[in-house]
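Asker: sharing a model prediction with you, sequence too.
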Amino acid sequence: MTTDIERGTFRTRARKVLLAAVQGLTLAVAVLPCGVAFLCLTLVSVALIPLGIGLFTTPAILTGVRALADVRRRLAAQWCGVRIPAVYRPLPASGNPWTRTVALLRDPQVRRDVLWLPVDFTAGFVTALLPALLLCYPLEGFLLAAGLWRPYASGTGDTYWYAFVPVSDRTSAFGAAGLAAVLLVVAYRLVPGMLTAHFRLTRAVLGGDAELAERVRVLTETRRDAVDTSAAELRRIERDLHDGAQARLVAMGMDLGTIASLVERDPAQAKELLAQARRNSAEALEELRDLVRGIHPPVLAERGLGDALRALALRLALPTEVTVELPGRAEAPVESAAYFAVSEVLTNAVKHAGADRIWVDAHHTDGRLRITVTDNGKGGAAVGAGSGLTGVERRLGTFDGVLAVSSPAGGPTMVTMEIPCVLS
Amino acid sequence: MRVVLAEDLFLLRDGLVRMLQAFGFEIAAAVESGPELTRALAELKPDVAVVDVRLPPTHTDEGLQCALAARRERPGLPVLVLSQHVEQLYARELLADGTGGIGYLLKDRVFDAEQFVDAVRRVAAGGTAMDPQVIQQLLSRRAADDRPLARLTPREREVLELMAQGRSNAGIAAQLVVTERAIAKHTSNIFAKLGLEVSDDDNRRVLAVLAYLDQDR
């Protein structure tokens, strides 16, 4: 049983080693001519820029270099799971060859691509070839022992060096075989790692700062979200003001005008209109109040997140327990984002969870504001699928915050929100 | 009756001063910031204070804090708090000491001068004046999860709502256009259903209602 398993793992390992050697060999064979050719073309093309010809050839060649690098990125991910990020700047839309060439040459990623070419056909070539060599060299040792030593050491004093073993007779040939066996073991252990090392080298030159690239990607995305959200918010506010309070104030002004002309002729009707004007003003105030609550809740402004959450819970139709442990106040935008995120999650819980009790817990540890909303409802909540939770995730994303939802069917649902922030 | 008024918006402060004077109040001081309010309350010892929640210098809940602090110094000091918005949270804080003489109203309520002045008088007399919005929030919330409230008839709920705002039986009777005797019957029914002891004291009555609504949190 154990031996079976061992044999199985040995087989898969051996296959892996062989595959890595073949892949490395293919890579090495392709790398050398391509790399040299592209580097020469690039250098020549750049040199020709002053003559004007380079302006047309350079973009084409650099696109080729990029394609070459992209192939390597793909292989790295497929063969060894090494992710090499690529952050190319978008090319200017204008057809002007000068601006295109300059933009390309100023792109740090393109410059890294070009720099990578000479590294690739020297160090890259060696690291790609090494697995195949390490596998073929022991083969030579075994062949020597099998009798190949004879033609090499036909005369006395003729020695054939196999690594550091001088092969001159049968005994030393067996010595070479011994070394070959040792090398084979070494190859068995090291070869897959060596191919990975090749791609690591590629990543080091080509990839720039992977974390930074990822960060840039995330920031770009969240910034777009934030801009979208705030634009939508502004539209909503504008519409609400326009259709609500503004219209009511206009109506009130009209009523007052009519009252002015009626007050002596028909005091009874003037009185009626006065009452209507007062109603209009009260309703305009009501609408403004709702609007203010939607933009920035007054309690949040006056007391901060803790009491705002408590006030929120008090307005909820379900019994809600709020535990807050915040030694200070976060920055206003963070507080606001957290408040509206909790508000959204609570609305979800009341509407969809079928819960009869909700717990909210907010505290600050390790530089993170963590808020948990738990209900004893029927569960089954998920991010995405048009749920409000996607909006919450976006809202938090703007502050590098994250949202985690645990909601097995049958409940309970627990939504955890985390925003990195400092309290003051 | 001497009033100290705290409101940072000039137009509103001016309007309030004129309105209160028109109804025969004496304005001891009309101030526009928290520290001024604290000083005025300590030095002038007014019969009632009308205070805006949000005041300079912090523009947060300075007015509310000053009022609460003043009531700690002088328990039972009548304070009517005005605000652009009403929050149960603040209502609870104001009522917490249980000494009465508390009002908490939306600023809109000044539109109806007579009702507003009535509220000021009630607070000054040690009663309460809670904004209908606060009461509605409480009642709608409680109706969703509390059995005893569900046992009230619609009429009794109406009475409870007005009672919680701080009205006397006579006031409720006038509003609902029934006899005072009918209201007395309703209130005793309500107290029986809610398991509260009957009391003639308007203020204690409201506190009891609110305390009941407040339980099991």
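Answerer: Nice, thanks for sending it over. Everything numeric here is computed off the predicted structure, so don't read it as measured data.
Asker: how many neighbours does residue 73 have?
Answerer: Chain wasn't specified; assuming chain A. The burial count assigned to A:R73 is 20, neighbours taken as other Cβ atoms under 10 Å in any protein chain shown. From N, CA and C alone the C-beta is placed, and that goes for glycine too.
Asker: I was thinking of chain B, sorry if that wasn't clear
Answerer: Applying other Cβ under 10 Å, we find 10 residues neighbouring B:E73.
Asker: cool, and the one 5 residues further on?
Answerer: A count of nearby residues for B:P78, using other Cβ under 10 Å, gives 26.
Asker: hang on, isn't it packed against B:A124?
Answerer: Yes: look at B:P78 against B:A124 with Cβ atoms under 8 Å: they come within range, at 4.9 Å.
Asker: mind listing the shared neighbours of those two?
Answerer: Where contact means Cβ atoms under 8 Å, 6 or more residues apart in numbering or on different chains, the residues bridging B:P78 and B:A124 through contact with each are B:47-48, B:101.
Asker: in strands, which of those residues appear?
Answerer: When strands are assigned by DSSP state E, the members of the shared contacts of B:P78 and B:A124 inside them are B:V48.
Asker: neighbour-wise, which one of the shared contacts of B:P78 and B:A124 leads?
Answerer: Going by other Cβ under 10 Å, B:V48 tops those with 25 neighbours.
Asker: which strands or helices does the longest helix belonging to chain A pack on?
Answerer: Ranked by number of residues, the top helix in chain A under DSSP state H is helix A:2-47. For helix A:2-47, the packing partners by 3 or more Cβ pairs under 8 Å, 6 or more residues apart in numbering or on different chains; DSSP states H and E come out as helix A:53-75, helix A:108-119, helix A:125-143, helix A:170-206.
Asker: out of the ones you listed, which comes closest to chain B?
Answerer: Of all the helices and strands packed on helix A:2-47, the one in closest proximity to chain B, counting by Cβ to the nearest Cβ, is helix A:108-119 (47.6 Å).
Asker: if we can go back for a sec, got the shared contacts of B:P78 and B:A124 as JSON lines, with pLDDT columns?
Answerer: Listed next are these as JSON lines, based on pLDDT from 0 to 100:
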{"residue": "B:D47", "pLDDT": "94"}
{"residue": "B:V48", "pLDDT": "95"}
{"residue": "B:G101", "pLDDT": "88"}
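Asker: can you give me the neighbour number for the residue in the stretch 1-150 of chain A positioned nearest to chain B?
Answerer: Shortest the stretch 1-150 of chain A-to-chain B distance, computed as Cβ to the nearest Cβ: residue-wise this is A:V87, at 44.8 Å. A total of 17 residues lie near A:V87 under the criterion other Cβ under 10 Å.
Asker: which element is the residue lying closest to it once chain neighbours are set aside on?
Answerer: Leaving aside its chain neighbours, A:V87 sits nearest to A:A213 (4.7 Å; criterion: Cβ to Cβ, 6 or more residues apart in numbering or on different chains). For A:A213, the host element (DSSP states H and E) is helix A:210-241.
Asker: on that earlier part again, tell me the mean pLDDT for the longest helix of chain A?
Answerer: The average pLDDT for helix A:2-47 rounds to 84.
Asker: in chain B, which spans are helices?
Answerer: Across chain B, reading from the start of the chain, the helices by DSSP H fall at B:10-22, B:34-44, B:62-73, B:88-95, B:113-124, B:132-145, B:147-150, B:154-165, B:169-176, B:180-194, B:202-214.
Asker: residues contacting the fourth one, please?
Answerer: The reference is to helix B:88-95. Residues outside helix B:88-95 that contact it (Cβ under 8 Å, 6+ apart): A:299, A:307, A:310-311, A:314-315, B:53, B:61, B:64, B:67-68, B:79, B:81, B:83, B:102, B:104, B:128, B:130, B:134, B:137-138, B:207, B:210, B:214.
Asker: now the third one
Answerer: Residues outside helix B:62-73 that contact it (Cβ under 8 Å, 6+ apart): B:6, B:33-34, B:37-38, B:41-42, B:49, B:51-56, B:77, B:79, B:81, B:90, B:93-94, B:97, B:99.
Asker: how about the helices and strands packed on helix A:2-47, which one is nearest A:G384?
Answerer: The closest approach between A:G384 and any of the helices and strands packed on helix A:2-47, judged by Cβ to Cβ, belongs to helix A:53-75 at 28.2 Å.
Asker: the inter-axis angle of that closest one versus helix A:108-119?
Answerer: Taking axes from the mean of the first three to the mean of the last three Cα atoms, to 10 degrees, helix A:53-75 and helix A:108-119 form an angle of 80 degrees between their directions.
Asker: helix A:2-47 and helix A:53-75, what's the angle between them?
Answerer: Between helix A:53-75 and helix A:2-47, the angle comes out at 170 degrees (the same axes, to 10 degrees).
Asker: buried ones in helix A:53-75?
Answerer: By neighbour count on 16 or more other Cβ atoms under 10 Å in any protein chain shown, the buried set for helix A:53-75 is A:54-55, A:57-59, A:61-62, A:65-66, A:68-69, A:72-73, A:75.
Asker: near chain B, which residues of chain A show up?
Answerer: With the criterion set to Cβ under 8 Å from any Cβ of the partner chain, chain A comes near chain B through A:278, A:281-282, A:285-286, A:289, A:292-293, A:298-299, A:301-303, A:307, A:310-311, A:314-319, A:356.
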